[in-house]
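[1] 3D model of this:
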Amino acid sequence: MPPDLRVGLANGALFRAFALVTAAMHDATVAAWDAKYAYNRPRPTQQDPSLTAAVAVPNSPSYPSEHAAAAGAAAAVLGYLYPADAERFAGMAQEAAQSRVAAGVQYPSDVTAGLDLGRKVAALAVARGQTDNSDATWDGTMPTGPGLWTGTNPTGVAERYWKPWVLSAPDQLRPDPPPAYDSDQLAAELAELKGFARTPRSNGLSFMWQYGSYGNPVTVVNWVRQASQKLMEERLDADAPFATRLYSLLSVGLNDIWIANQDGKYAYWALRPNQLDPSLTTVFPTPTSPSYPSNRSALGMASDLMAYSFPRDAPAYLATGEQVAESAVWAGIHFRSDLVAGRALGRGVGEILMDRIKNDA
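    Residues are numbered from 1 along each chain as shown. Next up is the predicted model:
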């Protein structure tokens, strides 16, 4: 994977890349499944029982190859995102497709059709990527005045202009304005931060949720890894439509949350707690962006999608989402109202996604 895909939370390119790739893989898989049952071609081992497959034979028709379709889609989108590596990605897709023939579970024509299908779906994803306004720029103008964030190089300002996938516009779920900087409410929230008794455990969890895998474990990388582990544990890895849908839900959802949260942050430019009271200490340096709403609280919505997808483990996933949010208070980097607004925004996106799941047959 190119290093650009391993950036921290502040880089919205991470969310955009995963959304484009996983959406293409999902749609290619769904299209492959439609064709499979339209043609209903038997697997090679069904045609010739004397043939021994090197891997478990999937319980689905042979044509076209789902592996080839997903690989072709992923490689083509990644080639668009990282053109210097396009040839390498294409070679990997060809290798993945050919492995199904070598394993004896699909015919050469299956993988040829699968690769072609995947690339056609990828072309649609690339066309979307070329018109999603991801080349938007910020003019560098920052509002000034009491109660506003101050600093240099705020992260991801222009990403509030990007085109979301399931939201009608970046501001569709924009929260109401934050509490005034001189309000009794914000004074009480500041007192909560200053009065919180930090412990080694709370500090450790705060660090983990800020600086974990690939820079920050609330990113899509962490959740896709968790999804992969759960799919294997539940033996759902062979259910390609379910697996690719889960990956795309997480990726598209987190992408839209990021865009919507950036919209809220830079609509209000709310100051951070240690800007309201410089005597407040934080567990780690405060991120270089406005405080309201909280990114980590909003992005914790991924735990809701995991809970929906794996209801037996829902309490554990939902508890993780709450812990992600609370860690911002433990660290002293967010007010309570930031968390509430972020969680509501994230859940709003999650509800839209889950409504789609219920109606996607």
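
[2] going by C-alpha atoms from here, please, whenever you check contacts or count neighbours.
    Will do.

[3] rounded mean pLDDT for the helix or strand residue 205 falls within, please.
    Here residue 205 sits within helix 200-211, counting by DSSP states H and E. The pLDDT scores in helix 200-211 average 93.

[4] give me the buried positions along it.
    202-211 (16 or more other C-alpha atoms under 10 Å).

[5] which helices and strands does that helix pack with?
    helix 314-331 (3 or more C-alpha pairs under 8 Å, 6 or more residues apart in numbering; DSSP states H and E).

[6] beyond the longest helix along the chain, next helix or strand please.
    Scanning the chain for the longest helix, with DSSP state H as the assignment, gives helix 240-268. Later in the chain than helix 240-268, the nearest helix or strand by DSSP H and E is helix 273-276.

[7] if we can go back for a sec, what angle separates the helix holding residue 205 from helix 314-331?
    Between helix 200-211 and helix 314-331, the angle comes out at 100 degrees (axes from the mean of the first three to the mean of the last three C-alpha atoms, to 10 degrees).

[8] can you give the contact residues for the helix or strand just after helix 200-211?
    Once helix 200-211 ends, the next helix or strand along the chain (criterion: DSSP H and E) is helix 220-233. Helix 220-233 has contacts (C-alpha atoms under 8 Å, 6 or more residues apart in numbering) with 14-15, 18, 213-214, 217, 237, 243, 246-247, 250-251, 254, 302, 306.

[9] how about the nearest residue to the residue sitting nearest the centre point of the chain, chain neighbours excluded?
    In the chain, the C-alpha closest to the average C-alpha coordinate belongs to residue 251, at a distance of 3.0 Å (C-alpha atoms, centre = their mean). Nearest non-adjacent residue to residue 251, counting by C-alpha to C-alpha, 6 or more residues apart in numbering: residue 19, 4.7 Å away.

[10] you'd agree the one you found is up against residue 245?
    No. Contact criterion C-alpha atoms under 8 Å: residue 19 and residue 245 do not qualify, at 11.4 Å.

[11] okay, the two: which has more neighbours?
    The neighbour comparison of residue 19 against residue 245 (other C-alpha atoms under 10 Å) goes to residue 19, with 26 against 19.

[12] other SSEs contacting the strand or helix carrying that one?
    For residue 19, the element it lies in under DSSP H and E is helix 13-39. If you count contacts as 3+ C-alpha pairs under 8 Å, 6+ apart, helix 13-39 packs onto helix 66-81, helix 108-129, helix 220-233, helix 240-268.

[13] could the ones you listed be laid out in a markdown table, adding distance to residue 337 and mean pLDDT?
    Output for the helices and strands packed on helix 13-39, formatted as a markdown table (distance: least, C-alpha to C-alpha, whole Å; pLDDT from 0 to 100):
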| stretch | distance to residue 337 | mean pLDDT |
| --- | --- | --- |
| helix 66-81 | 37 | 97 |
| helix 108-129 | 34 | 98 |
| helix 220-233 | 24 | 91 |
| helix 240-268 | 13 | 96 |
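
[14] and the closest residue to residue 159 other than its chain neighbours, how many neighbours?
    Spatial nearest neighbour of residue 159, excluding adjacent residues (C-alpha to C-alpha, 6+ apart): residue 259 at 5.9 Å. By the criterion of other C-alpha under 10 Å, residue 259 has 28 neighbours.

[15] do residue 237 as well
    16.

[16] surely it and residue 243 touch.
    Yes. Counting by C-alpha under 8 Å, residue 237 sits close enough to residue 243 to count as a contact (6.4 Å).

[17] quick one: contacts for residue 31?
    Counting by C-alpha under 8 Å, 6+ apart, residue 31 makes contact with residue 117.

[18] 10 Å - rerun?
    Counting by C-alpha atoms under 10 Å, 6 or more residues apart in numbering, residue 31 touches 25, 64, 66, 69, 114, 117-118, 121, 241.

[19] buried subset of the residues you listed, written for ChimeraX?
    In ChimeraX, a selection of the buried entries from the contacts of residue 31 looks like this (16+ other C-alpha under 10 Å):
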select :25,64,66,69,114,117,118,121,241
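
[20] distance of residue 59 relative to residue 49?
    15 Å (C-alpha to C-alpha, to the nearest Å).

[21] nope, residue 258 is what I meant
    From residue 258 to residue 49 the distance is 51 Å (C-alpha to C-alpha).

[22] same question, residue 269
    With C-alpha to C-alpha as the criterion, residue 269 and residue 49 are 67 Å apart.

[23] who has more neighbours, the two?
    Using other C-alpha under 10 Å as the criterion, residue 269 and residue 49 rank with residue 269 on top: 22 against 10.

[24] wait, the more buried one touches residue 141, no?
    No. Here residue 269 does not reach residue 141: they are 11.6 Å apart, not a contact under C-alpha atoms under 10 Å.
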